[in-house]
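**Student:** Just a sequence and a predicted model for now, questions to come.
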Amino acid sequence: MKDNLIPEVIPNWVNGSECLAGSGDTIDKISPVNGRRICGLTRSAADDIKKAVAAAQTAQPAWAGLTPVERGEQIYRITRLMREEQENFATIIATETGMAFSAALGETGAAIAQGEFMAGEGRRLYGGTTTSAVQDKYAMTVRQPVGVAGLIIAANTPIANIAWKVFPALICGNAAVLKAAEDTPATAWYFGRIAQRAGLPAGVLNIVQGAGDEAGAALVEHPEVGVVSFTGSTAVGRHIAAVAGERLARVSLELGGKNPLLVCDDADLECALKWTLLSAFSNAGQRCAAASRILVFDTVYDRFRELLVRGAEALRVGPGDEDDYGPVINQRQLNNMLAVVERAKRNGATVLTGGHRLIDDTHAAGCYLAPTLIEGVGPQDEISTTELFGPVACLYRVENFSTALQLANASPYGLTACIHTRSIHRATEFTQKVQAGVAVINAGTYGSEPHMPFGGFKQSGNGTREPGTEALNVYSELKAIYTNIDSGAL
């Protein structure tokens, strides 16, 4: 890694310039790969957030005054520089998360694709026209910006999470304050540097570092932040909705999941095995769309369980391109997962493989959890209803399609779901009846594309969708316009 890619202390970007928190305090960013300090990040407090919001407020009218096409051209300039800097982004992401370089490179490519798609929306920022019941009266709708957007992201896919929020917020004419994830501060900082190099006007995008309960909370509470978009846990999302709701701010929440992957008795088991392993364990299971509940028909359960256990035990764990997944993001997350697994064991669950931290010489200093498969848990047990955000999946034996669908829906979450079957009848019924925002046939529970909406039912969100064109509904106000003419003046 180039020595100058990650600074000693990650600063904020406010009004086009780098700056530290007013207090001068910092937080250490620790590598999940080896436990060493990577850098510090400035510890922003309420006063620092106020400065960032004030800069956004000042910059927003002129930014909104550009045509959507002009805003799209500026976003496209950012994506061009991101493509030029793709390897640097991947290096930073791999360093911060422990993700393999190749995976980080792919994630950066996906973020670029998101930016290119949203840049194009500048030419398609559609409103609509309709008829009126009144003679000489014409009706139409137009989109207008909300104002200042407060964006709070998670660390699991850091540059993709940035792209999903920043680009739609900006194309709609808002200025933004992005609160970076504590575990991936350098990725957000580097994105800010690219935006400045691309000529984004000062104050249009401000990036603040710090703790969620300090910097993030201050952003949510700020009376001039018109829309808050958050990706993270359901518990935090619920709190954000309550706080922002007090002042009637718009809120978009993309929250957790306990996503079911159903393997029917007519499934291609090799295909199902491949996608189950990827859905449960890629990116160390740190996806809101990860498959953590594997539902298998009784007649193929024993065979598929054997294949799955063997496949999980063959996974290579480490930060390299030759590995299948890397560490979880921090020690706190690792400890939480281990505690939940231990409680499940005490309640009678059987750990088929894994369930422990890797403590050999290669892994001992990092936050590595062995690929873990568990059976013998009930649908309402803690481990069945709590998002762990790690390489842990539970197997459930189901009698038939009806009981499988019922179990798939017996969850407080409803983000993504997948079915493996050769039957068009089962596949169609599952995708129509499963309570999830995304339903997939014969692949994995993850893999959203930039032009498609993503979000979930129940405790997986509050009904909004990002990205896709549906994200425009989060970041713009819809105004109805009536024009009345005097036909006698024609």
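**Tutor:** That came in fine, so what should we check first? Numbering: from 1, shown residues only.
**Student:** what packs against the lowest-mean-pLDDT helix or strand in the chain?
**Tutor:** Least confident helix or strand, the chain: strand 128-130 with a mean of 94, by mean pLDDT, DSSP states H and E. Packed against strand 128-130 by the contact rule (3 or more C-beta pairs under 8 Å, 6 or more residues apart in numbering; DSSP states H and E) you find strand 137-145. Just so you know, the C-beta spots here come from the backbone N, C-alpha and C atoms, and that holds for glycine as well.
**Student:** following the strand it packs on, which helix or strand shows up next?
**Tutor:** strand 148-152 (DSSP states H and E).
**Student:** Show the average pLDDT along whichever helix or strand comes after that following strand.
**Tutor:** Proceeding N to C from strand 148-152, the next assigned helix or strand is helix 158-171, under DSSP H and E. Mean pLDDT, helix 158-171: 97.
**Student:** can you give me the helices for the stretch 351-490 of the chain?
**Tutor:** 382-385, 401-409, 424-433, 472-475 (DSSP state H, counting those that start in this stretch).
**Student:** domain ranges for the protein?
**Tutor:** Domain assignment for the chain, taken from automatic domain parsing, gives 9-255+461-479, 259-441.
**Student:** Make CSV from the ones you listed and add distance to Glu449 and mean neighbour count to it.
**Tutor:** Shown next, in CSV, are the domains of the chain (distance: least, C-beta to C-beta, whole Å; neighbours: other C-beta atoms under 10 Å):
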stretch, distance to Glu449, mean neighbour count
domain 9-255+461-479, 8, 21
domain 259-441, 11, 20
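**Student:** these two touch, right, Ile153 and Thr231?
**Tutor:** Yes - using C-beta atoms under 8 Å, Ile153 is in contact with Thr231, at 5.5 Å.
**Student:** Overlap of the contact sets of the two?
**Tutor:** Residues touching both Ile153 and Thr231 by C-beta atoms under 8 Å, 6 or more residues apart in numbering: 161, 165.
**Student:** So which of the helices of the stretch 351-490 of the chain is nearest Tyr190?
**Tutor:** helix 472-475 (23.4 Å; C-beta to C-beta).
**Student:** How far does the closest one sit from its chain's centre?
**Tutor:** Centroid separation for helix 472-475 versus its chain: 17 Å, with C-alpha atoms, centre = their mean, to the nearest Å.
**Student:** now for that helix, which elements pack on it?
**Tutor:** Helices and strands touching helix 472-475, as assessed by 3+ C-beta pairs under 8 Å, 6+ apart, comprise helix 158-171, strand 227-231.
**Student:** quick one: which of those is nearest Leu307?
**Tutor:** Of the helices and strands packed on helix 472-475, nearest to Leu307 by C-beta to C-beta is helix 158-171, at 30.7 Å.
**Student:** Which strands or helices does that closest one pack on?
**Tutor:** With 3+ C-beta pairs under 8 Å, 6+ apart as the test, helix 158-171 has helix 68-84, helix 86-97, helix 101-120, strand 148-152, strand 175-179, helix 185-197, strand 227-231, helix 472-475 packed against it.
**Student:** backbone phi and psi for the residue nearest to Asn473 when sequence neighbours are not counted, please?
**Tutor:** Spatial nearest neighbour of Asn473, chain neighbours left out: Thr464 (7.3 Å); criterion: C-beta to C-beta, 6 or more residues apart in numbering. Main-chain torsions, Thr464, degrees, to the nearest 10: phi -80, psi 170.
**Student:** Reformat the helices and strands packed on helix 472-475 into JSON lines and put distance to Asp268 next to each item.
**Tutor:** Converted to JSON lines, the helices and strands packed on helix 472-475 look like this (distance: least, C-beta to C-beta, whole Å):
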{"stretch": "helix 158-171", "distance to Asp268": "29"}
{"stretch": "strand 227-231", "distance to Asp268": "33"}
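**Student:** Select, out of those, the one closest to Phe454.
**Tutor:** helix 158-171 (8.0 Å).
**Student:** Tell me the gap between the closest one and the middle of its chain.
**Tutor:** Relative to the chain's own centre, helix 158-171 is displaced by 10 Å; criterion: C-alpha atoms, centre = their mean.
**Student:** That helix to strand 148-152, inter-axis angle?
**Tutor:** If you take axes from the mean of the first three to the mean of the last three C-alpha atoms, to 10 degrees, helix 158-171 sits at 170 degrees to strand 148-152.
**Student:** could you give the angle of helix 158-171 to helix 68-84?
**Tutor:** Going by the same axes, to 10 degrees, helix 158-171 makes 160 degrees with helix 68-84.
**Student:** Specify the angle between helix 158-171 and helix 86-97 in degrees.
**Tutor:** If you take the same axes, to 10 degrees, helix 158-171 sits at 120 degrees to helix 86-97.
**Student:** CA-only coordinates of helix 158-171 in PDB, if you can.
**Tutor:** Extracted C-alpha coordinates of helix 158-171, given in PDB (Å, rounded to 0.1, in the frame of the first residue of the first chain):
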ATOM      1  CA  PRO A 158     -18.200   1.000   2.600                       C
ATOM      2  CA  ILE A 159     -17.900   2.500  -0.800                       C
ATOM      3  CA  ALA A 160     -21.100   0.900  -2.100                       C
ATOM      4  CA  ASN A 161     -23.000   2.300   0.900                       C
ATOM      5  CA  ILE A 162     -21.600   5.700   0.200                       C
ATOM      6  CA  ALA A 163     -22.600   5.500  -3.500                       C
ATOM      7  CA  TRP A 164     -26.100   4.300  -2.700                       C
ATOM      8  CA  LYS A 165     -26.800   7.400  -0.600                       C
ATOM      9  CA  VAL A 166     -24.600  10.300  -1.900                       C
ATOM     10  CA  PHE A 167     -25.400  10.000  -5.600                       C
ATOM     11  CA  PRO A 168     -29.200  10.000  -5.400                       C
ATOM     12  CA  ALA A 169     -29.100  12.700  -2.700                       C
ATOM     13  CA  LEU A 170     -27.000  15.000  -5.000                       C
ATOM     14  CA  ILE A 171     -28.800  14.400  -8.300                       C
END
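**Student:** mind starting the numbering at 54 from now?
**Tutor:** Okay, residue one is now 54; in that scheme the one you just asked about reads as helix 211-224.
**Student:** one step back: of the helices and strands packed on helix 525-528, give the one that comes closest to Ala153.
**Tutor:** helix 211-224 (14.5 Å).
**Student:** thought Asn526 was touching Pro520?
**Tutor:** No - Asn526 lies out of contact with Pro520 (C-beta under 8 Å); the separation is 11.6 Å.
**Student:** where does the spatially closest residue to Asn453 that is not a sequence neighbour fall, phi/psi-wise?
**Tutor:** Closest residue to Asn453 apart from its sequence neighbours, by C-beta to C-beta, 6+ apart: Phe350 at 7.2 Å. Main-chain torsions, Phe350, degrees, to the nearest 10: phi -60, psi 140.
**Student:** For Phe350, report the pLDDT, please.
**Tutor:** Reading off the model, Phe350 has pLDDT 98.
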